[in-house]
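[1] Structure for this input, please:
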Amino acid sequence: MRWYAANVVLYTKLKRGKQTSFPVWQNVYLIQASTPAAALKKAARLGRANSGDSGGSYTYGNEPARIVFGGVRSVIECDNSAARPRDGTEVSYLELEVRGLQALKRLISDETVQIVYKGRRRP
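    Sure, this is the predicted structure:
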């Protein structure tokens, strides 16, 4: 068995009315599986299990809404994935690009900045 970091996308969808923006979460799950395909299936099950409307009580901007499972964006095999993850194990990464040193400094400081996400193909 190997260890994988699965990046699962969840988003908020209003139950009625027009929606122009979508709050999005990328949840990273640590998954143990025999293959990347098995990790992908496990990640999808976790994403679906975390979707819903909290028994009808979930709202966004005071409007009834639900959390929707958008999909599994990527499955990344952990560094030294045959061994159990431990302190310092790289479990996931993103490849991004920013324009200029000021944008880089804003990103590092966790400020709002425009980025280019360099996507990877799923297994």
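
[2] contacting residues around residue 25?
    Contact analysis of residue 25 by CB atoms under 8 Å, 6 or more residues apart in numbering lists 9-11. All C-beta atoms are positioned from the backbone trio N, CA, C, and that covers glycine.

[3] make it 10 Å
    Counting by CB atoms under 10 Å, 6 or more residues apart in numbering, residue 25 touches 8-12, 50, 67, 70.

[4] Residue 79 now?
    So residue 79 contacts 3, 5, 85, 88-93 (CB under 10 Å, 6+ apart).

[5] tell me what the top strand by length along the chain is packed against?
    With secondary structure taken from DSSP state E, the chain has its longest strand at strand 63-77. Packing partners of strand 63-77 (3 or more CB pairs under 10 Å, 6 or more residues apart in numbering; DSSP states H and E): strand 2-14, strand 24-33, helix 36-49, strand 59-60.

[6] Nearest to residue 115, out of these?
    Closest approach to residue 115 among the helices and strands packed on strand 63-77 (CB to CB): strand 24-33, 13.0 Å.

[7] Could you report the pLDDT at the residue nearest to the spatial centre of the chain?
    Centre of the chain computed as the mean C-alpha position; nearest residue by CA atoms, centre = their mean is residue 26, 2.3 Å away. At residue 26, the model reports a pLDDT of 91.

[8] right, and it touches residue 7 too?
    Yes - between residue 26 and residue 7 a contact is recorded at 5.5 Å, counting by CB atoms under 10 Å.

[9] which residues are in contact with both of these two?
    With CB under 10 Å, 6+ apart as the test, residue 26 and residue 7 both reach 73-74, 92, 94.

[10] Below-threshold pLDDT in the protein: ranges please.
    Scanning the chain for pLDDT under 70 picks out 120-123.

[11] now with 90?
    Counting by pLDDT under 90, the ranges of the chain that qualify are 17-18, 20-21, 61, 79-97, 107-108, 115-123.

[12] Show me the domain layout of it.
    Residue ranges for the domains of the chain, per automatic domain parsing: 2-83, 93-123.

[13] Could you say which of those domains is packed most deeply?
    Mean neighbour count (mean count of other CB atoms under 10 Å) peaks for domain 2-83 among these, with a mean of 16.
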